[in-house]
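Engineer: Using only what follows, build the 3D model:
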Amino acid sequence: MDKKQDQTFDIIEVCLLAGKIMLRGGAETYRVEDTMMRIAAAYGIYHSHSYVTPTGIIFSIDSHHPTKLVRIVDRSTNLQKVAKVNSVSRLISSGDLTVKEALEQLKEIERDALAYPTWVQIAAASISSGCFLIMFQGDWTDFLPALLTGGIGFSCLIYFHQLVEIKFFAEFLASLIIGLISVLFVVFNIGTELDKIIIGSVMPLVPGLLITNAVRDLMAGHLVSGISKGAEAFLTAFAIGAGVAIVFSF
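Structural biologist: Model (predicted):
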């Protein structure tokens, strides 16, 4: 009986760890809940219940075992971790992983950074800023200013986020610096269209994944998660717009 109970606790641990990694990596709420219940069903627990919000996971299997709660403090975008957890979930569903093996693999996924180096992220933000400028029908003469402005702005975002844990404050300061640098480029006749440079440069800061997940959660019937993610996306967009608006006001 004790061995069976220990096995049940390990299954709960596997479900919670998989949900935690996915939620912190930017997965949709309904996908997290579905993955947790599928893992539990694959191990013989067919009556599990999961309730997921952007800041926490509640998981229960029946009245004989305690309900578990996991608090989610920080969230980012790491879709590679989400994909790896999905791969582990498929192996569990096909019966190729034991509970212990699944738990070890999930712990390894949680430990691994699985993120691109900072310089690669900055380079990608720079190139995408220039490409967004062209996409919004900007002039090719503004490609280099947008590339530099976007790279500097994204660097500032990473730096300020390390100094202050408040995400919206970092985004506000980054957009403020983007606006100032864009103005300087135009003043010194290096750039021509101020609005296109700013629009292209702030695009790497725009919360596209948040907006997408908010809509998908709302369509799936997860109203609490959808509204909360939508509110977070709105605050992020407001912080970006406020930073640029302050530059224009002066």
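
Engineer: Now do the contacts for Leu180.
Structural biologist: For Leu180, the contact set (C-beta atoms under 8 Å, 6 or more residues apart in numbering) comprises Val247. Placement of C-beta: from N, CA and C, glycine included.

Engineer: secondary structure element for it?
Structural biologist: According to DSSP states H and E, Leu180 maps onto helix 167-187.

Engineer: Next, please give the residue ranges for the helices of this protein.
Structural biologist: Applying DSSP state H to the chain gives helices spanning 2-24, 29-42, 79-93, 99-111, 118-135, 143-163, 167-187, 194-202, 208-219, 223-249.

Engineer: Going by mean pLDDT, which of those helices comes out lowest?
Structural biologist: Per-stretch mean pLDDT for the helices of the chain is lowest at helix 2-24 (a mean of 85).

Engineer: Please report the distance of the nearest residue to Asp10 once chain neighbours are set aside from Glu13.
Structural biologist: Leaving aside its chain neighbours, Asp10 sits nearest to Val99 (4.7 Å; criterion: C-beta to C-beta, 6 or more residues apart in numbering). Counting by C-beta to C-beta, to the nearest Å, the gap from Val99 to Glu13 is 9 Å.

Engineer: just to revisit the earlier point, my guess is the residue nearest to Asp10 contacts Gln7. True?
Structural biologist: Yes. Between Val99 and Gln7 there is a contact under C-beta atoms under 8 Å: 6.4 Å.

Engineer: Could you check which of the two has the larger neighbour count?
Structural biologist: Val99 (19 against 15; other C-beta atoms under 10 Å).

Engineer: Run through the residues that contact that one.
Structural biologist: 7, 10-11, 14, 43.

Engineer: Out of those residues, which end up buried?
Structural biologist: With burial judged by 16 or more other C-beta atoms under 10 Å, the buried subset of these is 10-11, 14, 43.

Engineer: Redo those residues as TSV? Include distance to Asp142.
Structural biologist: Compiled in TSV, the buried ones among the contacts of Val99 are given as follows (distance: C-beta to C-beta, whole Å):
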residue	distance to Asp142
Asp10	57
Ile11	56
Val14	51
Tyr43	57
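
Engineer: For the residue nearest to Gly221 when sequence neighbours are not counted, grab the count of nearby residues.
Structural biologist: Spatial nearest neighbour of Gly221, chain neighbours left out: Tyr30 (7.8 Å); criterion: C-beta to C-beta, 6+ apart. Neighbour count of Tyr30, defined by other C-beta under 10 Å: 18.
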